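Engineer: test case, fold it:
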Amino acid sequence: MKCSIALIALLAAVSAGAGNTGIVAGVVTEAATGNPIPRANVVVVGMELGAAGDELGRYLIRGVPAGKQTVVASAVGFETVTRVVTVPAFGRAELDFRLAVKPVEMAPVEVRPPERVLADGPVATEVVTGASIAEKGATTVQDALRCQSGVSVKTKCPCSNAAELQIQGMAGKYARVLVDGAPTITDAGSCYGLTNLPTENIERLEVVKGPGGLQFSSDAIAGAVNIVTKSADRTGGSVSVTVGSYGALTLGATLNLKSESTGVTATLSQSRTGPVDVDRDGNSDYVKSDRTALTLKARQPLAAGLAVEAGANVGVEERHGGALERIAGRAQEGLYQNPNILQWGPTATLEWQPSGATGLTLRGAYSDYRQRVYAVEQWFTAFEDAVFVEASGRHRLGAAQELQVALAHRYEHLVENVRASARNVRVYGATVQDNIRLGALMLAPHVRLEHHSDFGPFMTPGVAGQFRPAPPLTLRGSFGLGRRTPPTFSKLTHFCPGQGMYDFVQNPDLRPERSTGGNLGVEYHPGDLAVAASLFRTDLRDMIEERLVEHDTLNRLRKYQHLNIGAVTSQGFELNCALRPVSGFSLRGGYAYTDARDRESGTALAYRSRHSANWQVAYENSPTAVKLSVSGELVGSMPTQQREGEHLVAGPMSPAYALWNVRVAKEFGPRTGQGESGSGLALTAGVDNVFGYVQTGWLVEDVPLWGPSRGRAVNLGVRFMF
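Structural biologist: Got it, this is the predicted structure:
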């Protein structure tokens, strides 16, 4: 392994590729008329990065380090404007400037544009900001992803709250979850991982749907969610307490230390909730849980253009589900599950930018995931180690082209107490992407070559493009091929009923799953209105399933084999819009139509809603620092499943339902508009699921839930910022 790491570093040192940087682009216009300002100067503060606008006021700056950056726009005869923007890694942030004519008799009133429906760039990326996460009152990544068009989180078991992330109708195993660009959340970790990831240290979530996710990994067929953690931008912090229904209690603390050269961030989160029994049958429909998480992140410049960033995280969670009497310790019999999760790991990144045109990044991450689950009166354990190393770089080939290269190695080692042998997987990958701008057209073709320790080499090419004929209009499209090998961890085999062990029999004819996907979208953004529509389709074939091929009762060993069985297609369209009609008010809404079917039988896939929608109406009164929002989501009818003996069969269609949420916040102290960037006090109150809608059928079956398992929830919070 040392040899492979050295080889990666050596190759990357002479290559150009995709460092931890992004692009800032936008339009500079007159504040009064909206007319473009030709040849305006736009500069990133503190760096030798900038660009001059064209005749239509459009500008583009490449190689901007990811994170919060201060950008200044100026032009002869106009006031200079300074703004702060968050630059996504490997993506693009759009930042428009409105410059007032100088001199002026009265400063113009600035109307803040609505939150972007999509981040700008060839690959459509939806950004869930930290402010949006706070407005939802979300305490986990699972909660933070609510009300996102085309994205749903399905709870699969009321006794453990195991969940999966569905993107555009594809099962959770086809979505890749990353932390700061590193795929350290493995197959075992994703079983309970979404509710084990707190939001206290999250700066934003970057959601890429469809083939755009293949830039991260060849198995991100449905898409990817990149969790970007917070970095210190000042000295200070916050302490928060939130209490709510069902015994909910969340404590959070953040401490930032910032000097001219060093930034350190530490976050601590502790969350508890009690069990919920909505159908009063004596069994939990939502588990009791106790979670604690600690994260550290530090950044230190070493020399001009050279910086190192290091981090560490640890998360511990225990859940209790099943019979309420047994959860309370008053009984020794009855349905009971007791998942215990421990995950920890360090990360390190070295960034070298010798010039504005060239950059190199070396990154390493380690994750130790330990899962112990007590179910069917026995302990099931799964311990998985994951190591990820990457060398990436970029080089600008003139003003209209940038070459990106990345070399990576991922190693996974899984040990289960019910499996006869350990599982080891090594994947070597190389990605080359060429970003080319031809006037208003930008193309980003890429090719990814991977070598899997079990399946050998395979290649997954793709291309993304963006065309911006005029400032308000943007067209985007992406197309790509994906490959997915058998997972290292399978819930089906791991929790198979009965005593004894299991193992897999090699299938020499097994092929990786193959996908073909495409997205096509259009965005119209004239001032305070933003409208985005997109079409998508993913075809998946050679699907891999586990089948029991032999049961050795004498040695108490069940033997499974991976087989290529079936194909599915998921297609549909999404429509999102945002509007700020007057100062202080904002409206946002989205709708998704998803048709996910088995290609052989033509039947709709279970637990996929064909119709879904989300909305939010928000009002902010600046003089009183009061914010009020009303949000909700519509979940359409979906096919369900029921258990007959040991088999799942088609069940009735679930009813459509809508959930409404109300939230109000009041800030005291200096107004900065940046949340935690100033001292003060914030009080919040919210009601989730206002009308108390809950699912009342099939709650104790070992099948996914189609509806919420908790009713109306009231929460009150206080946050002190210093």
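
Engineer: going by C-alpha atoms from here, please, whenever you check contacts or count neighbours.
Structural biologist: Fine.

Engineer: ok now do A66, which residues does it touch?
Structural biologist: Each residue near A66 by Cα atoms under 8 Å, 6 or more residues apart in numbering is listed here: N20, T21, G22, T86, V87, P88, A89.

Engineer: tell me how far it lies from L441.
Structural biologist: Separation of A66 from L441 (Cα to Cα, to the nearest Å): 24 Å.

Engineer: please identify which helix or strand holds the most centrally placed residue in the chain.
Structural biologist: Centroid-nearest residue in the chain, with Cα atoms, centre = their mean: V225, separated by 2.6 Å. In the assignment (DSSP states H and E), V225 maps to strand 223-229.

Engineer: now do that strand: distance to the chain's middle.
Structural biologist: In terms of Cα atoms, centre = their mean, to the nearest Å, the centre of strand 223-229 is found 3 Å from the chain centre.

Engineer: next one: stretch 319-335
Structural biologist: Using Cα atoms, centre = their mean, the offset of stretch 319-335 from its chain centre is 34 Å.

Engineer: just the helices in the chain please.
Structural biologist: Here the chain has its helices, by DSSP state H, at 2-13, 130-136, 141-144, 193-196, 324-327, 491-494.

Engineer: quick check: the closest residue to V151 other than its chain neighbours vs R146, distance?
Structural biologist: Leaving aside its sequence neighbours, V151 sits nearest to I167 (Cα to Cα, 6 or more residues apart in numbering; 4.7 Å). According to Cα to Cα, I167 and R146 sit 12 Å apart.

Engineer: neighbour-wise, which of these two wins?
Structural biologist: Between I167 and R146, counted using other Cα atoms under 10 Å, the more crowded position is I167 (25 against 17).

Engineer: for stretch 312-331, C-alpha coordinates in CSV please.
Structural biologist: C-alpha atoms of stretch 312-331 as CSV (Å, rounded to 0.1, in the frame of the first residue of the first chain):
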residue,chain,number,x,y,z
ALA,A,312,-10.9,14.2,13.2
ASN,A,313,-14.4,13.0,14.2
VAL,A,314,-16.0,10.5,16.6
GLY,A,315,-19.6,9.6,16.8
VAL,A,316,-21.4,7.3,19.3
GLU,A,317,-25.0,6.3,19.2
GLU,A,318,-27.2,3.8,21.0
ARG,A,319,-30.8,3.0,19.9
HIS,A,320,-33.5,0.9,21.6
GLY,A,321,-36.6,-0.3,19.6
GLY,A,322,-39.3,-2.8,20.0
ALA,A,323,-41.5,-3.6,23.1
LEU,A,324,-41.8,-0.4,25.3
GLU,A,325,-41.7,-2.5,28.5
ARG,A,326,-38.4,-4.1,27.4
ILE,A,327,-36.9,-0.8,26.3
ALA,A,328,-37.7,0.6,29.8
GLY,A,329,-36.0,-2.5,31.4
ARG,A,330,-39.3,-3.7,33.0
ALA,A,331,-39.5,-6.9,30.9
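
Engineer: strands along the stretch 451-600 of the chain, start to end?
Structural biologist: Ranges of strands in the stretch 451-600 of the chain, per DSSP state E, counting those that start in this stretch, are 456-470, 473-484, 501-505, 513-524, 529-541, 544-552, 557-564, 568-579, 585-598.

Engineer: do you know which of those lies nearest V694?
Structural biologist: strand 585-598 (22.3 Å; Cα to Cα).

Engineer: can you check what angle separates that closest one from strand 568-579?
Structural biologist: Put simply, strand 585-598 runs at 170 degrees to strand 568-579, going by axes from the mean of the first three to the mean of the last three Cα atoms, to 10 degrees.

Engineer: strand 585-598 packs against which elements?
Structural biologist: Packing partners of strand 585-598 (3 or more Cα pairs under 8 Å, 6 or more residues apart in numbering; DSSP states H and E): strand 568-579, strand 611-621.

Engineer: where does the chain dip in pLDDT?
Structural biologist: 1-20, 48, 55, 90, 102-121, 193-196, 497-499, 645-647, 670-678, 697-704 (pLDDT under 70).

Engineer: tell me if I'm right that V425 and E412 touch.
Structural biologist: Yes: using Cα atoms under 8 Å, V425 is in contact with E412, at 5.2 Å.

Engineer: and for these two, which residues touch both?
Structural biologist: Common neighbours of V425 and E412, using Cα under 8 Å, 6+ apart, are T488.
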